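> quick one: sequence plus predicted model below, questions after.
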Amino acid sequence: MSEWVLFTESSPNVGGQELQLMQQMRQMQQRGLRTMLACRPGSRVEEVALQQGLSVLPVRFRNSLHLPSIAILRRWISQHKPRLAICHSGHDSNNLAIAARLVWRRPFLLRSRTYQPGRPGAWSYNRMVDATMVPSQYLKDALLANPAIRADRVHVVYPGIDFIGLDRAVSQPLPASVASWLISGRGPVLLHAAMLRGEKGHLTILQAMDLLRQSHPNWRYLIAGEGVAQQQIETEVRRLGLEARVLLAGVVSPVAPLYQAADLVLMPSTYEPLGMSQIEALALARPVLASRTGGIPETVHDGQTGVLVEPGNCHAWAQAIASALDNLPQQQTLACAGRADVRQRFDPGSNLNRILALSGLADQLPAVL
């Protein structure tokens, strides 16, 4: 009888974290494990999981102490006796931790933590779960700034990128509006694929465009994503008179064809525990300029696989962009080195093996080839 692994996710929306867990579920199934995702009924997470053929357990996760959710999880754990349970968001982590302790044989509790708002509390890391995986050494160090948190309970597990899917998606057509904009304009295209939020640095790039208006007037800025900062970005584009050179494309899925169409990929975040866009871009050998902040330097080696720039400094970004545009062949050389680097370090098999090792399941399954 195959072992069960339970995943829980109380977020209703699908982002990088949610897609990562679904990828892990598919990989575990390929390794002979059975998986189940506990998520909110009617949510986007449930919709996408079902589209991918994954098994779903409807749990409402209304708050961090939702008794009906705890009861459902306890009943499922008692019946299926999973060896491992992986939790993510706050509500599902708390409900799972309680439910697991109400059964005779509880699973190993592994929490995925992709960011930490405010000062971390020691209890949730030391007592609530057996281990916490974080996507970067930067985030681990940030957590351990609280000396009460046990270092042996926090582990760096780099995310696994679906490079095979990325390669397949490169040839897919772009949305008609994006394809038309690319064809109708002139000059290099700089792509920024990220949620539209203040910390993602869109305003920094717009200000850099303004600074380069005379010396480098022809490059274009393609923004892919949606979010709360959209109106602010649109207002700044109009204020600077950059409408002809900037396109807000909205969400483009898959994003791989956009990387392929870009001359440079930008990651100007002021805060980023790790970041995925620059990894995917390098995997496709697209040149990258990224902020020297958070976990980004763990993914882009300055001067070797890409260029790191001071976050939030529009003058530094203007200078870096100008230098890159003047030396695109050199940037391509760095990107080719980056392709080999990220495909080795962010391999999905390595990600899965690390998770199985933390939970004690690795020695019971055949190794990933």
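Cool, the structure landed. Numbering: from 1, shown residues only.

> got the domain boundaries for this protein?
4-160+347-364, 164-345 (automatic domain parsing).

> tabulate these (CSV), appending mean neighbour count and mean pLDDT.
Quick note: C-beta positions are derived from backbone N, CA and C, even for glycine. Output for the domains of the chain, formatted as CSV (neighbours: other CB atoms under 10 Å; pLDDT from 0 to 100):
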stretch, mean neighbour count, mean pLDDT
domain 4-160+347-364, 18, 94
domain 164-345, 18, 96
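
> can you show me the strands along the stretch 1-150 of the chain?
4-9, 34-39, 56-58, 84-87, 108-112, 131-134 (DSSP state E, counting those that start in this stretch).

> and of the ones you listed, who's closest to residue 125?
With CB to CB as the criterion, residue 125 lies closest to strand 131-134 of these, at 5.6 Å.

> now do that closest one: which elements does it pack against?
strand 108-112, helix 137-143, strand 154-156, helix 348-359 (3 or more CB pairs under 8 Å, 6 or more residues apart in numbering; DSSP states H and E).

> so for residue 173, which of these sits nearest?
The nearest among these, by CB to CB, is helix 348-359 at 26.0 Å.

> which elements pack onto that closest one?
Going by 3+ CB pairs under 8 Å, 6+ apart, helix 348-359 lies up against helix 16-30, strand 108-112, strand 131-134.

> and of those, who's closest to residue 316?
Nearest of the helices and strands packed on helix 348-359 (CB to CB): helix 16-30, 26.7 Å.

> who's in contact with that closest one?
5, 7, 9, 11, 35, 37, 45, 48-49, 52, 54, 86, 88, 112, 114, 159-160, 162, 276, 348-349, 351-352, 355 (CB atoms under 8 Å, 6 or more residues apart in numbering).

> any chance of TSV for the helices and strands packed on strand 131-134, columns distance to residue 204?
Formatted as TSV, the helices and strands packed on strand 131-134 follow (distance: least, CB to CB, whole Å):
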stretch	distance to residue 204
strand 108-112	29
helix 137-143	20
strand 154-156	28
helix 348-359	31
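
> rewinding a little: take the helices and strands packed on helix 348-359 and write them to a markdown table, including distance to residue 313.
Output for the helices and strands packed on helix 348-359, formatted as a markdown table (distance: least, CB to CB, whole Å):
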| stretch | distance to residue 313 |
| --- | --- |
| helix 16-30 | 26 |
| strand 108-112 | 32 |
| strand 131-134 | 27 |
